[in-house]
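Peer 1: pasting the structure only:
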């Protein structure tokens, strides 16, 4: 098998999400709901953030002047789901920190001058 690619190596590279509590690895294509199922079934009493801090996303939606903690909450609030994605007209953008998401809304919405004017939902 000289020169051939190893499927096992490719699969190991794709296991890029890891639970901070038990160190279980997940495929990079895993969705937030599947990871949440891991938290509730394996680590009752722990939060999603404790298990997957690097995976938490803050979704800035300038058209609503709102930042949502997590994709699932944002998609639900926007009347969508993971397969459909964010509605194109809402301008949703994902960030790794709440502060970045709030700053984005302040920059995008002309009548918002400070963080107090941005709604935050978790």
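Peer 2: Nice, I can see it. Bear in mind the structure is a predicted one, so any value in this text is a computation, not a measurement. Numbers count the residues shown, from 1 in each chain.
Peer 1: ok so residue 20 is a strand residue?
Peer 2: No: read with DSSP: H, G, I helix; E, B strand; the rest coil, residue 20 is coil and lies in no strand.
Peer 1: you'd agree it is up against residue 51?
Peer 2: Yes: in this structure, residue 20 is within contact of residue 51 by C-beta atoms under 8 Å, at 5.7 Å. For glycine as for every other residue, the C-beta is placed from the backbone atoms N, C-alpha and C.
Peer 1: Comparing those two, which shows the higher neighbour count?
Peer 2: Taking other C-beta atoms under 10 Å, residue 20 and residue 51 do not tie; residue 51 has more neighbours (21 against 13).
Peer 1: Now do the buried residues in stretch 53-73.
Peer 2: 55-62, 64-72 (16 or more other C-beta atoms under 10 Å).
Peer 1: With stretch 107-118 instead?
Peer 2: Across stretch 107-118, burial judged by 16+ other C-beta under 10 Å covers 109, 112, 118.
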